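J.: Sharing a model prediction with you, sequence too.
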Amino acid sequence: MLILIALGILLIAVLARMLWQSKPEAKDLPLDASCETTPRFNSLEEHDRVVERIFGNEDWNFLRHRVPSEIRRSFLKQRREMAFCWLTLIRVKAKGAMHHHLACARSFQSLEPVLECRVAINYLAFQLSCALLAGLLWLRGPVALRGAVARAYELCERLRALTEVRWAQTTLAAKPRS
Amino acid sequence: MNFYALSLWLIGPLLEALILARGIQTGWFTKYRAFSAYVCCVLIQDLLFLGVYFLRFNDYGWIYWWGELFSVAFGVGVTWEIFGLILGPYPGAGRMARNVLAVVIVVTFSANLAEGWSGQLLSSGTVVELERNLRVIQALSLLVLAALATYYKIPIGRNAKGMFAGYGIFIGTSVITLTLRSSLGESFQRAWVSAQPLCYVLTLVIWSAFLWKYEPVPTVDVRPRIEEDYRLLALITRKRVLQVRAILGKATRP
């Protein structure tokens, strides 16, 4: 009974939202892939350097013992803003690729639902990764981010090692003595 | 019957007549055939119900439920027409809709079989339950359509939007009220008598507003500019998304 009531409420909510929102225009979906997906960096190496600069520790390590705390705070604030800008740029690139895909795919007679689901899952995974990264940036900032991730990796490795030891012990204990 | 119920009952045929008059005047009457047939059907049905209620009250119960089943059958035509209007120009999205709908219907029937013998989810013991089950299938279809229209950002014309939203809201409220009616029984009857016509009047108001003049579905140049190969397009998109995701990973890699 509750499932059916929830279904009814969901349908009403979705359609009420559709009624009140502005018209989705065709121009929302660019048919030309080049407009949104062109990287704003000259090459992948250059982009890597930018990422390394924003998220790396070199500048922070250089400054942290040489400048007063106000400058340190200002530096961290600006780095965080730069990291969020970079994340927005990455999101726009992926969104552009996806919009171009949807604009074309909806018209293809030969559309393959399984492949379409894979594309959707890839995009969803990307969006989740972006949300996770944004959360980490908001919590720790770009400078501390890599340290936090490194610690998380280390913790995972330790847990894995512990699980393996435990598994080996259990298997040995369960083996019948010959 | 109190004044509130009677006035709601009379507003229904008046609004239906108004919608049909506007349809004939503005020209959409012949363009949206299933919808026009549905509104004609419910107008005749409402007038018949009024006559039977005041002249042969004893026969009202069974005539009402058979009339409801008849309008559900016409409603299937409306759902079909809404699908055609919105997804017609987009064969790819239409193909996706057919596949998703097939999965949803198979899952629903499987759930029904699993719930099965105690007949909790979609049993059809009475006419109320039978109508509710048919409305549930329509509700699922409309939800799939709404999801795909949002995902593919399909432009919906004002008329199609009104038809879709009005009918969908009517179906949604019907599913809720019929579920409560079949679960709670006679104790919900009094609330049901007030709620059902009110929801229907809301639907008629939406239809009147959105179908006041004829506005066809906007035509968009849907021809893709890349070569006609869906697989290639999908692979390029996946590659691009995965590339961007790999760039994202570089930010966190220690």
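T.: Nice, thanks for sending it over.

J.: Next secondary structure element downstream of the helix or strand of chain A at the bottom of the mean pLDDT ranking?
T.: Lowest by mean pLDDT, DSSP states H and E among the helices and strands of chain A is helix A:34-37, with a mean of 44. Per DSSP states H and E, the first helix or strand lying C-terminal to helix A:34-37 is helix A:44-55.

J.: can you tell me if that next one touches chain B.
T.: Yes: residues of helix A:44-55 contacting chain B under Cβ under 8 Å from any Cβ of the partner chain: A:47-48, A:51-52, A:54-55. Where you see a C-beta, it was placed from the backbone N, CA and C, and this is true even at glycine.

J.: quick one: average confidence on that helix?
T.: Averaging pLDDT along helix A:44-55 gives 78.

J.: What of stretch A:127-147?
T.: Throughout stretch A:127-147, pLDDT has a mean value of 83.

J.: Only the buried residues of it, if you could.
T.: For stretch A:127-147, burial by neighbour count (16 or more other Cβ atoms under 10 Å in any protein chain shown) applies to A:127, A:129-130, A:133, A:136-137, A:141-143, A:145-146.

J.: So of the residues you listed, which two are at opposite extremes in space?
T.: A:127 and A:143 (24.7 Å; Cβ to Cβ).

J.: Just the helices from chain A, written as ranges.
T.: A:2-20, A:34-37, A:44-55, A:58-63, A:69-105, A:113-174 (DSSP state H).

J.: Out of these, flag the one nearest residue B:28.
T.: helix A:2-20 (18.7 Å).

J.: Tell me the spacing between the nearest residue to residue B:128 once chain neighbours are set aside and residue B:208.
T.: Counting by Cβ to Cβ, 6 or more residues apart in numbering or on different chains, residue B:128 lies nearest to residue B:182, which is 4.7 Å off, once chain neighbours are set aside. Counting by Cβ to Cβ, to the nearest Å, the separation of residue B:182 from residue B:208 is 31 Å.

J.: Low-confidence stretches in chain A?
T.: Within chain A, the set of residues satisfying pLDDT under 70 comprises A:22-44, A:150, A:153, A:174-178.

J.: swap the cut-off to 80 and go again
T.: Counting by pLDDT under 80, chain A contains low-confidence ranges at A:1, A:21-49, A:51, A:57, A:140, A:142-178.

J.: from the buried residues of stretch A:127-147, which are also near chain B?
T.: Of the residues in the buried residues of stretch A:127-147, proximity to chain B by Cβ under 8 Å from any Cβ holds for A:129-130, A:133, A:136, A:142, A:145-146.

J.: Just put the residues you listed in JSON lines and tack on distance to residue B:58.
T.: Shown next, in JSON lines, are these (distance: Cβ to Cβ, whole Å):
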{"residue": "A:129", "distance to residue B:58": "67"}
{"residue": "A:130", "distance to residue B:58": "66"}
{"residue": "A:133", "distance to residue B:58": "70"}
{"residue": "A:136", "distance to residue B:58": "71"}
{"residue": "A:142", "distance to residue B:58": "78"}
{"residue": "A:145", "distance to residue B:58": "77"}
{"residue": "A:146", "distance to residue B:58": "81"}
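
J.: for the record, mean pLDDT for the host helix or strand of residue B:97?
T.: Following DSSP H and E, one finds residue B:97 within helix B:91-115. Helix B:91-115 shows a mean pLDDT of 80.

J.: go on, stretch B:161-171?
T.: 93.

J.: what number of residues lie near the residue nearest to residue B:128?
T.: The number of residues packed near residue B:182 is 21, by other Cβ atoms under 10 Å in any protein chain shown.

J.: Please apply the same query to residue A:12.
T.: Residue A:12: 21 neighbours (other Cβ under 10 Å).

J.: Residue B:167 is in contact with that one, correct?
T.: No: counting by Cβ atoms under 8 Å, residue B:167 is not a contact partner of residue A:12; they are 11.8 Å apart.

J.: okay, the angle between the one helix or strand residue B:165 maps to and helix A:2-20?
T.: Using DSSP H and E, residue B:165 sits in helix B:158-184. For helix B:158-184 against helix A:2-20, the angle by axes from the mean of the first three to the mean of the last three Cα atoms, to 10 degrees is 160 degrees.

J.: How about the helix or strand just after helix B:158-184 and chain A, any contact?
T.: For helix B:158-184, the succeeding helix or strand toward the C-terminus, using DSSP H and E, is helix B:189-210. Yes: applying Cβ under 8 Å from any Cβ, one finds helix B:189-210 in contact with chain A at residue B:206.

J.: which parts of helix B:189-210 are buried?
T.: Quick answer for helix B:189-210 (16+ other Cβ under 10 Å): B:192, B:195-197, B:199-201, B:203-204, B:206-208, B:210.

J.: So which other helices or strands are in contact with the helix or strand just after it?
T.: Next along the chain after helix B:189-210, taking DSSP H and E as the criterion, comes helix B:230-252. Secondary-structure packing of helix B:230-252 (3 or more Cβ pairs under 8 Å, 6 or more residues apart in numbering or on different chains; DSSP states H and E): helix A:44-55, helix A:69-105, helix A:113-174.

J.: For residue A:91, grab the count of nearby residues.
T.: 17.

J.: Tell me the spacing between it and residue B:152.
T.: Counting by Cβ to Cβ, the gap from residue A:91 to residue B:152 is 20 Å.

J.: Going by secondary structure, residue B:37 is in what exactly?
T.: helix B:33-55.

J.: Run through the neighbouring helices and strands of that helix.
T.: helix B:3-26, helix B:60-87.

J.: Can you list the buried residues in the first one?
T.: Buried residues in helix B:3-26, counted by 16+ other Cβ under 10 Å: B:8-9, B:11-13, B:15-16, B:19-20, B:22-23.

J.: which among those gets closest to residue B:63?
T.: residue B:9 (14.9 Å).

J.: With adjacent residues omitted, what lies nearest to residue B:100?
T.: Nearest to residue B:100 is residue B:144, by Cβ to Cβ, 6+ apart, at 5.1 Å.

J.: so how far is the helix or strand containing that neighbour from its chain's centroid?
T.: Assigned by DSSP H and E, residue B:144 falls within helix B:127-151. How far helix B:127-151 lies from its chain's middle: 6 Å, per Cα atoms, centre = their mean, to the nearest Å.

J.: cool, and stretch B:32-44?
T.: 14 Å.

J.: quick one: contacts for the closest residue to residue A:75 other than its chain neighbours?
T.: Spatial nearest neighbour of residue A:75, excluding adjacent residues (Cβ to Cβ, 6+ apart): residue A:63 at 5.9 Å. Residue A:63 makes contact with A:71-72, A:75 under the criterion Cβ atoms under 8 Å, 6 or more residues apart in numbering or on different chains.

J.: hmm, back to that, the residue nearest to residue B:100 contacts residue B:98, correct?
T.: No: between residue B:144 and residue B:98 there is no contact under Cβ under 8 Å: 9.6 Å.
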